[in-house]
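*Asks:* no letters, just coordinates:
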């Protein structure tokens, strides 16, 4: 029972959900199956205690100490409790969806031929649709479904009304289809950027042409996903990103939070890819910085646990590269407590170290880096990288060479780290070794080193390396 679906489900429910679930099991719905309510009551009290929820022990508690254990009976009882729990959770989820409830009611009244009831619910749904702040895929799906119900409602009585509903159903199905396909295409194209995947997206070119030549671009959500897809297909076309940016500034605040985070991430990822490619880097540093500020204002950059440590780091890094030192210093302290507790001190200390590095306060960097926890792989790599750069800036060559060796061994041991990230750090070590070995008077070798760096695809701290090489030319 300890690892059963039932117990695992109970362990992830909130206290509020468990309290409401207990009220449901105690409400008298299980008078014909009293053992179902009895088992839930026991598990509600003991589900966290592995020693109290062994199947044999629970069975004896339910049926009496003298009753012979029956595993099949116990498993059926557990299945009944799980089914009841799932039905309650579905009802809880469904009752907050007024559109779905009214659509089901509309269908019921139509089947029962209760005309006045049907028209009353239809008016309620029409008012709800008019109040929608931003028309998304769910909106068009429900408007289509409502038109479909209206077609069935007037099937044998009003042919003229039916003709109008047919057109309405088709128009809204087109909008739902176009928006849903653009959303799926954007997800697939995004995965193709980060993984060796090859999706087949049928009729995408035709869909883009259809959207562009009709009035569908007047629908903000369709336009947003249209330009996300165009960005992914042709990232060098700046007008696509400019159009997307304008739409986000105008409409992002009205998008449902879950979908807003997806859209926001698409814009962030576009800027990050352009920065990593080194193309128009100063421009996209400014763009991503403004996007980060938009994410902070709209709260879209936060998740249920607070501000993710990697966003905290990225925001600070971009701000430092733009030399917005005063803003970064304030952000470091004002947003520290939003970081999940388990990462908070390491994230704050590492980023404060990075702040001092950009201010060329290298001794302060060394003092702070000793306090960074190495439990998180990303901070482990990043802190070693920052230490590497600090040793170079202080001309601590012996310490730097020792770090290069230990860094290499660390990467060999850390097999689970992403291959692309490992490659970028391997290249950092390789180019740093070449940098400290190259004769400062041999300008030709230095130029060759710079060219090799430029031609390499994945290199951590590429900009810093280029800056150090340029100092030797």
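*Replies:* In hand now; what should we look at? Everything numeric here is computed off the predicted structure, so don't read it as measured data.

*Asks:* going forward, measure contacts and count neighbours with C-alpha atoms only.
*Replies:* Will do.

*Asks:* counting by contacts, list what the helix or strand where residue 332 lies packs against.
*Replies:* According to DSSP states H and E, residue 332 maps onto helix 325-334. Secondary-structure packing of helix 325-334 (3 or more Cα pairs under 8 Å, 6 or more residues apart in numbering; DSSP states H and E): helix 309-321, helix 341-358.

*Asks:* next one: that helix to chain centre, how far?
*Replies:* Chain-centre distance of helix 325-334: 25 Å, with Cα atoms, centre = their mean, to the nearest Å.

*Asks:* now that helix and helix 309-321, what's the angle there?
*Replies:* 160 degrees (axes from the mean of the first three to the mean of the last three Cα atoms, to 10 degrees).

*Asks:* list the buried residues in helix 325-334.
*Replies:* Neighbour-count burial for helix 325-334 flags 325, 328, 329, 332 (criterion: 16 or more other Cα atoms under 10 Å).

*Asks:* pretty sure the second one is touching residue 316, no?
*Replies:* Yes. Look at residue 328 against residue 316 with Cα atoms under 8 Å: they come within range, at 5.9 Å.

*Asks:* so where is the chain shaky, pLDDT-wise?
*Replies:* Counting by pLDDT under 70, the ranges of the chain that qualify are 156-161, 278-280, 373-378, 415-420.

*Asks:* about what we covered before: can you tell which of the helices and strands packed on helix 325-334 is closest to residue 36?
*Replies:* Closest approach to residue 36 among those (Cα to Cα): helix 341-358, 39.4 Å.

*Asks:* for residue 210, which three-state class applies?
*Replies:* helix (DSSP: H, G, I helix; E, B strand; the rest coil).

*Asks:* tally of neighbours for it?
*Replies:* Residues lying near residue 210 (other Cα atoms under 10 Å) number 14.

*Asks:* go on, residue 441?
*Replies:* Neighbours of residue 441 (other Cα under 10 Å): 10.

*Asks:* any idea how far it is from residue 74?
*Replies:* 82 Å (Cα to Cα, to the nearest Å).

*Asks:* buried sites along stretch 136-155?
*Replies:* 136-137, 139-154.

*Asks:* could you do stretch 107-120 as well?
*Replies:* Taking 16+ other Cα under 10 Å as the criterion, stretch 107-120 shows 107, 109, 110, 118 as buried.

*Asks:* same for the helix or strand harbouring the last one, what does it pack against?
*Replies:* When secondary structure is defined using DSSP H and E, the element that contains residue 118 is helix 115-131. Using 3+ Cα pairs under 8 Å, 6+ apart as the contact test, the elements touching helix 115-131 are helix 98-111, helix 137-153.

*Asks:* nearest to residue 298, of these?
*Replies:* helix 137-153 (21.5 Å).

*Asks:* that closest one to helix 115-131, inter-axis angle?
*Replies:* Counting by the same axes, to 10 degrees, helix 137-153 lies at 160 degrees to helix 115-131.

*Asks:* distance from helix 137-153 to the middle of the chain?
*Replies:* For helix 137-153, the distance to the chain centre is 30 Å (Cα atoms, centre = their mean).

*Asks:* next helix or strand past it?
*Replies:* Counting by DSSP H and E, what follows helix 137-153 is helix 159-194.

*Asks:* which other helices and strands contact that following helix?
*Replies:* Where contact means 3+ Cα pairs under 8 Å, 6+ apart, helix 159-194 is packed against helix 137-153, helix 204-213, helix 220-233.

*Asks:* tabulate those (CSV), appending distance to residue 347.
*Replies:* Below are the helices and strands packed on helix 159-194 laid out as CSV (distance: least, Cα to Cα, whole Å):
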stretch, distance to residue 347
helix 137-153, 38
helix 204-213, 42
helix 220-233, 31
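
*Asks:* domain map for this protein?
*Replies:* Per automatic domain parsing, the domain ranges recorded for the chain read 5-95, 132-291.

*Asks:* and these as a markdown table, adding distance to residue 400?
*Replies:* Shown next, in a markdown table, are these (distance: least, Cα to Cα, whole Å):
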| stretch | distance to residue 400 |
| --- | --- |
| domain 5-95 | 47 |
| domain 132-291 | 26 |
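
*Asks:* any idea which of the ones you listed is most buried?
*Replies:* domain 132-291 (a mean of 17; mean count of other Cα atoms under 10 Å).

*Asks:* gap between that domain and the chain center?
*Replies:* With Cα atoms, centre = their mean, you get 17 Å for domain 132-291.

*Asks:* for stretch 429-449, same thing?
*Replies:* For stretch 429-449, the distance to the chain centre is 41 Å (Cα atoms, centre = their mean).

*Asks:* which residues touch it?
*Replies:* With Cα atoms under 8 Å, 6 or more residues apart in numbering as the test, stretch 429-449 has contacts from 397, 401, 404, 408, 453, 465, 469, 472, 473.
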